[in-house]
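Novice: Provide a 3D model corresponding to the input given below.
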Amino acid sequence: LVPLIGFISVGLGSAVLYLARLALYSPDVSWDRKNNPEPWNKLSPTDQYKVSAGGT
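Specialist: Just a heads-up that it's a prediction; the model follows:
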């Protein structure tokens with residue numbers, strides 16, 4: 001029972017950290033519409049913002 005609780009805790013913790021990372025660092029999310037209405041327009045062509053790219 002203890003390993004099950006451990007694995008569930010690690011899984012939930014990872015999911016929370018991933019969602020926090022997406023909410024804070026993703027250019028698709030705008031928390032401040034008044035001062036930064038379109039944050040995705042400020043990305044330069046060399047900025048990497050995808051987690052992974054399909055096809056190698």
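Novice: could you point out where the chain is predicted with low confidence?
Specialist: Under the criterion pLDDT under 70, the flagged ranges of the chain are 27-28, 37, 39-40, 48-56.
Novice: and the most centrally placed residue in the chain, what is it in contact with?
Specialist: With distances taken as C-alpha atoms, centre = their mean, L22 lies nearest the centre of the chain, 1.8 Å away. If you count contacts by C-beta atoms under 8 Å, 6 or more residues apart in numbering, L22 has them with V29. C-betas here are computed from N, CA, C, even on glycine.
Novice: just say helix, strand or coil for it.
Specialist: helix (DSSP: H, G, I helix; E, B strand; the rest coil).
Novice: what's the local residue count around R33?
Specialist: Look at R33: counted by other C-beta atoms under 10 Å, it has 9 neighbours.
Novice: and the residue nearest to the centre of the chain, how close does it get to V16?
Specialist: 11 Å (C-beta to C-beta, to the nearest Å).
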